[in-house]
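Visitor: generate a structure from the sequence data that follows.
(chains A and B)
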Amino acid sequence: MALFDPRARLRAFTTQDWVAVQRVVQRGRFTLGQASAEHSLAAERLLAFLLCLEADELCQLYHRVYHVCEAHPIRTVPFRAGLPSVPFTCPECERVVERPDELSFDVECRIAAPDGVQVAVP
Amino acid sequence: MSGGFDRATYFELIRVAGELRGAEAPAKDPLADLFCKAHPNMGNELAAFSEMPASSSTARVARGHALEAIVALAFAGLGGVRELKSFAAAGAQYDLLVGGAVLDPAWACVRNFLDLPADRDDVLVEVKATEGPITSQQVLRLCALISGPFAPSVGLGVLVCPSGATGHPTPGRRAPSLRQARLHQVLYEAKTGTPIVVLDQSDMDAFAVAGGLLRRLSFRRRELQQLHGLSEPIMEGPIEVDLPSHMTAAAEWLRAKR
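Guide: Numbering: from 1, shown residues only, chains lettered A, B, ... in the order given. Have a look, this model is predicted:
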């Protein structure tokens, strides 16, 4: 099992935050919106943790791109590549997406190690 | 309606998360890639520039314009940039002024990455396609511009020259002392708090990869603070070793899988 060491990062985390992120990383794949709601952890706190996990190559992060036409994501792009530029043709409704406000986004996390990540709580 | 966060909320979430996280090594920081895109044609532009002759005065002007275009393209890839200006008018002439939208979380991330003060977050860029390195006088000219007409708005000065600047380290040659152009950069930052960094050919090569410009600006800034005199960051995976030859044993022991 891979070990995550926060080192000098995440100094603002409370004991409760650490307990919550330990529970979140038990799952191999999740989205920011869903996991933060399920584990009662503010989305920005969970994302701060995920940014550290990604930098340490313990997970892969993606942007999930949603269009107003569908409830499921129309695209998933690597986090580092950035959000897609408009205009582009939506693969679901085949309309041209011209304005960014037709889109919404979420972060998808895929834990790299098959047996999960152990978090070294400072 | 679909799931997820709208664009403004999403970027704000990323900004707050970046601040909550605290310092990350620039080489690994995913936010550097996210907020510094590389233009798809940058590799070709750089290759074409390196082939350009500097034989006649017309050729030198064309070379200067090509480098200015490359630098503008690189800075246009930064997240949240709203202002990109270059003109000669009644005021002092400058090559490029880069500014971001105050309330844009993407620009706030760039600002945090470069340690720019919130009230002086413009970047003034001077481009020199000369064959020789940047001289003390050219650094002093940029200092005068920043202290003069741009004092209220500019928080970082950047000089771009393929040959670097005088007194600077080069690949394989450490700069052991503080002199010439590099001395004036250090003195100016000590006096005013505004850093002036020099980007050379190795930094320009990094414009072709996402995050490259931000990482090189950040590396040059830290070099001026620490004055370690290296032209490239020393990173071997997660290990950073910079030791003289009589301490080789410690370096080898650290590298060995213990």
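
Visitor: what sits against residue B:173?
Guide: Listed by C-beta atoms under 8 Å, 6 or more residues apart in numbering or on different chains, the contact set of residue B:173 reads residue B:231. Using the backbone N, CA and C atoms, a C-beta is placed for each residue, glycine as well.

Visitor: next one: the one 5 residues further on
Guide: By C-beta under 8 Å, 6+ apart, the contact set of residue B:178 is B:167, B:186, B:227.

Visitor: helices along the stretch 1-150 of chain B, start to end?
Guide: In the stretch 1-150 of chain B, the helices defined using DSSP state H, counting those that start in this stretch lie at B:7-21, B:30-34, B:42-51, B:57-76, B:105-114, B:136-147.

Visitor: buried only: go through the contacts of residue B:178 for me.
Guide: Burial by neighbour count, judged by 16 or more other C-beta atoms under 10 Å in any protein chain shown, picks out B:167, B:186 from the contacts of residue B:178.

Visitor: could you dump the contacts of residue B:178 to JSON lines with distance to chain A?
Guide: Supplementary listing: the contacts of residue B:178 in JSON lines, determined by distance: C-beta to the nearest C-beta, whole Å:
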{"residue": "B:167", "distance to chain A": "32"}
{"residue": "B:186", "distance to chain A": "27"}
{"residue": "B:227", "distance to chain A": "23"}
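
Visitor: identify the bridge partners of the residue nearest in space to the middle of chain A.
Guide: Against the mean C-alpha coordinate of chain A, by C-alpha atoms, centre = their mean, the closest residue is residue A:107 at 3.2 Å. Using DSSP bridges, the beta-bridge partners of residue A:107 come out as residue A:63.

Visitor: so what's residue B:43 closest to, chain neighbours aside?
Guide: residue B:208 (4.5 Å; C-beta to C-beta, 6 or more residues apart in numbering or on different chains).

Visitor: now the strands for chain A?
Guide: Counting by DSSP state E, chain A has these strands, from start to end: A:2-4, A:29-31, A:59-67, A:75-78, A:88-89, A:96-97, A:103-111, A:117-119.

Visitor: quick one: low-confidence parts of the chain?
Guide: All of this refers to chain A. Under the criterion pLDDT under 70, no range of chain A is flagged.

Visitor: my bad, the chain I had in mind was chain B
Guide: Along chain B, the model assigns pLDDT under 70 to residues B:1-2, B:88-92, B:234-238, B:257-258.

Visitor: contacts made by the lengthiest helix in chain A with the rest, please.
Guide: Of all segments of type helix in chain A, defined using DSSP state H, the longest is helix A:43-55. With C-beta under 8 Å, 6+ apart as the test, helix A:43-55 has contacts from A:4, A:6, A:9-10, A:13, A:17, A:20-21, A:24-25, A:32-33, A:35-36, A:39, A:59-61, A:79, A:107, A:109, A:117, B:5, B:13-14, B:16-18, B:20-21, B:24-25, B:28-31.

Visitor: let's have the contacts of residue B:178 in TSV, adding secondary structure.
Guide: Below are the contacts of residue B:178 laid out as TSV (DSSP: H, G, I helix; E, B strand; the rest coil):
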residue	secondary structure
B:167	coil
B:186	helix
B:227	coil
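
Visitor: nearest to residue B:200, of the helices of the stretch 1-150 of chain B?
Guide: For the helices of the stretch 1-150 of chain B, proximity to residue B:200 was assessed by C-beta to C-beta; helix B:57-76 is nearest, at 12.0 Å.

Visitor: now that closest one: buried residues?
Guide: By neighbour count, with 16+ other C-beta under 10 Å as the criterion, the buried positions of helix B:57-76 are B:60, B:63-64, B:66-68, B:70-75.

Visitor: repeat that for stretch B:76-91.
Guide: Buried residues in stretch B:76-91, defined by neighbour count with 16+ other C-beta under 10 Å: B:77-81.

Visitor: quick check, residue A:56 in contact with residue B:28.
Guide: Yes. Counting by C-beta atoms under 8 Å, residue A:56 does reach residue B:28; the two are 7.5 Å apart.

Visitor: more crowded one of those two?
Guide: When residue A:56 and residue B:28 are compared for neighbours, residue A:56 comes out ahead with 20 against 15, by other C-beta atoms under 10 Å in any protein chain shown.

Visitor: check contacts around residue B:78.
Guide: Listed by C-beta under 8 Å, 6+ apart, the contact partners of residue B:78 are B:35-36, B:98, B:100, B:107, B:110, B:213-214.

Visitor: up against chain A, what does chain B have?
Guide: Contact residues, chain B versus chain A (C-beta under 8 Å from any C-beta of the partner chain): B:1-7, B:10, B:13-14, B:16-18, B:20-25, B:28-31, B:33-34, B:37, B:210-211.

Visitor: show me what from chain A comes close to chain B.
Guide: Taking C-beta under 8 Å from any C-beta as the contact definition, chain A meets chain B at A:8-12, A:32-33, A:43-45, A:47-52, A:54-56, A:61, A:64, A:66-73, A:79-83, A:100-101, A:103-106.

Visitor: buried subset of the residues you listed?
Guide: When the residues of chain A next to chain B are checked against 16+ other C-beta under 10 Å, the ones flagged as buried are A:9-10, A:32-33, A:43-45, A:47-52, A:54-56, A:61, A:64, A:66-67, A:73, A:79-80, A:82-83, A:103-106.
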